[in-house]
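Engineer: Here's a sequence, model it:
(one chain, ligands or ions: 2)
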Amino acid sequence: MSAARDKLAAERISVIGLGLIGGSIVRGLRAAGYTGPIQAGVADAAEAKRAVELGLVDRAETDTAKAVAGATLVVVAVPIGAMGAVFAELAGAIAPGAVVTDTGSTKLSVIENARAGMGPGIGHYVPGHPIAGTERSGLDAGFAQLFDGRRVILTPTPETDADALSRVEALWSVLGARVSEMDAAHHDEVLAATSHLPHVLAFTLVDTLARMAERTEIFEYAAGGFTDFTRIASSNPELWSDIVTANHDAILPVLERYIGDLEAVRTAIASGERATLAATFGRAKDARDGLAAERG
Ligand SMILES: NC(=O)C1=CN([C@@H]2O[C@H](COP(=O)(O)OP(=O)(O)OC[C@H]3O[C@@H](n4cnc5c(N)ncnc54)[C@H](O)[C@@H]3O)[C@@H](O)[C@H]2O)C=CC1
Ligand SMILES: O=C(O)C(=O)Cc1ccc(O)cc1
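Structural biologist: Numbers count the residues shown, from 1 in each chain. Ligands and ions are numbered 1, 2, ... in the order given. Here you go, the predicted model:
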C-alpha cells in the first residue's frame, strides 16, 4: 500500500465528471491522504463553483482541455453516452505520457471511444470499472468510502503500457479497492449477467406494477425482496439506458435465456406443477447458498 501511495503522490490528478463515481474518487483521495493537486472537468459553471466551494477539488473547469491541462493521470467518470465526446476532447489536450483511465460500466464500447479519441496514444489508456455504486447520481451522491474493500476490474488492451497499468492500479489501491484484470469482452458478458440484466428486470418489474390499478396498495405493502427491486429501479434512467444500449450484444443472449426460463415457470404455475417450481427454486437456492459457503 505504501508503494501505491508513493506512486500516486507523484501524480497530478484530473477527474472528468464529478457525479457519484467521480465525486467519490476525489473524496476518497483526500480521505486517503493524497495531498497533490486535483482538478476536475464538470458539466456546468454552477457545479464547478460548488465543487471548489465544497473543497472537493482545487480547480474545476467546464472545458475538458482546460480540465486536463498539466494532469499526469486523468480519470473519465462520465455516463457511457458521453465517453465518445470526452475522449475526442482529450486528444491533443492531454500532456505527453499522461495516463487516462475510465470508470464506465461497459468496456468494449468505451475502448472503441478511446481508440477513436486517443489514436496512437491508446497505450496510455487503461480501461477500468469499479464494481461499486448506488442508485444515486450527481455531486452530492458521492462518498469517500465507496470503493473500500470493493472490486475494480481493469481490462487492458493489447496496447496498454505496463507502467500506465500499474499507475491506475495504484490509484484504486489507495482508494481501498481490490484490483483484478479481465478481458474486455469477458467483462461485458459477466456484467451483462450480474448487473445489467438485474437492472433491466428491476426497472421493468417496478414499471409493470406501478402501471397497475392497485399501484398505491402495492407500494404501501412493499417489503423484503420488493424493496430491493425498487431501490435498483430508482437508479438513474439515462445512465442505465446508455449502459444497456452500449452492451446490447452481451445482454440479449442472457435476457433471451431468462425469458425462456420465466416462461417455463409460468407454465408450471398455470398447470399447478408444484414439483417443477420446487426444482427451479431449489436449484437457485443451492447456487446461492453454495456461493455463500465458498466465500465463508
Ligand atoms: N452509478 C453507479 O453505481 C456506477 C457507475 N459507473 C459508471 O461510472 C460513470 C459515471 O457514473 P455516475 O458517477 O454514477 O454518474 P453521475 O450521473 O452521478 O455522474 C456523471 C457526471 O458526469 C457529468 N458529465 C456528463 N458529461 C460530461 C462532460 N462532457 N464533461 C464533464 N462532466 C460531464 C454529469 O454532469 C454528472 O455530474 C458511468 O460511465 C457509469 O457507467 C461505474 C460503477 C458504478
Ligand atoms: O446500486 C447497485 O446495486 C449497483 O449495482 C451499483 C452499480 C451500478 C453500476 C455498476 O457498473 C456497478 C455497480
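Engineer: Now do the lowest-mean-pLDDT helix or strand in the chain: distance to the chain's middle.
Structural biologist: Of all helical and strand segments in the chain, the minimum by mean pLDDT, DSSP states H and E falls on helix 215-220, at a mean of 75. Relative to its chain's centre, helix 215-220 lies at 31 Å (Cα atoms, centre = their mean, to the nearest Å).
Engineer: Contacts only, for the nearest residue to residue 54 once chain neighbours are set aside.
Structural biologist: Leaving aside its chain neighbours, residue 54 sits nearest to residue 139 (8.0 Å; criterion: Cβ to Cβ, 6 or more residues apart in numbering). For the C-beta atoms, the positions are set from N, CA and C on the backbone; glycine is no exception. Applying Cβ atoms under 8 Å, 6 or more residues apart in numbering to residue 139 gives the contacts 18, 19, 23, 47, 50, 51, 54, 56.
Engineer: What is the neighbour count of residue 27?
Structural biologist: For residue 27, the neighbour count with other Cβ atoms under 10 Å is 20.
Engineer: same question, residue 88
Structural biologist: 15.
Engineer: Is any residue of stretch 170-186 near ligand 2?
Structural biologist: No - Stretch 170-186 lies out of reach of ligand 2 by Cβ under 6 Å from any ligand atom, never closer than 12.4 Å.
Engineer: Use 142 as the first number from now on
Structural biologist: I'll keep to 142 as the first residue from here, and by that count the last item is stretch 311-327.
Engineer: Can you name the residues in contact with that stretch?
Structural biologist: Stretch 311-327 is contacted from outside by 142, 144-146, 148-149, 152, 154, 166, 169-170, 173, 175, 214, 216, 242, 248-249, 252, 268-269, 271, 273, 286, 288-298, 310, 331, 391, using Cβ under 8 Å, 6+ apart.
Engineer: Just the buried ones out of those, please.
Structural biologist: 145, 148-149, 152, 154, 166, 169-170, 173, 175, 214, 216, 242, 248-249, 252, 268-269, 271, 273, 288, 291, 293-298, 310, 391 (16 or more other Cβ atoms under 10 Å).
Engineer: List the ones among these that fall in strands.
Structural biologist: 154, 214, 216, 242, 269, 271, 293, 294, 295 (DSSP state E).
Engineer: who does the least confident helix or strand of the chain touch, helix- and strand-wise?
Structural biologist: helix 338-351 (3 or more Cβ pairs under 8 Å, 6 or more residues apart in numbering; DSSP states H and E).
Engineer: Averaged pLDDT, the helix it packs on. What do you get?
Structural biologist: The average of the pLDDT scores along helix 338-351 is 95.
Engineer: And for residue 204, nearest residue in space, chain neighbours not counted?
Structural biologist: residue 182 is the one closest to residue 204 (Cβ to Cβ, 6+ apart), at 7.6 Å.
Engineer: OK, contacts around that neighbour?
Structural biologist: Going by Cβ under 8 Å, 6+ apart, residue 182 touches 155, 156, 157, 158, 201, 202, 203, 204, 205, 208, 209, 227.
Engineer: what do you get if the cut-off is 10 Å, keeping everything else the same?
Structural biologist: Residues near residue 182 by Cβ atoms under 10 Å, 6 or more residues apart in numbering: 155-159, 163, 189, 198, 201-209, 212, 215-219, 227, 230-231.
Engineer: I appreciate the help and will end here.
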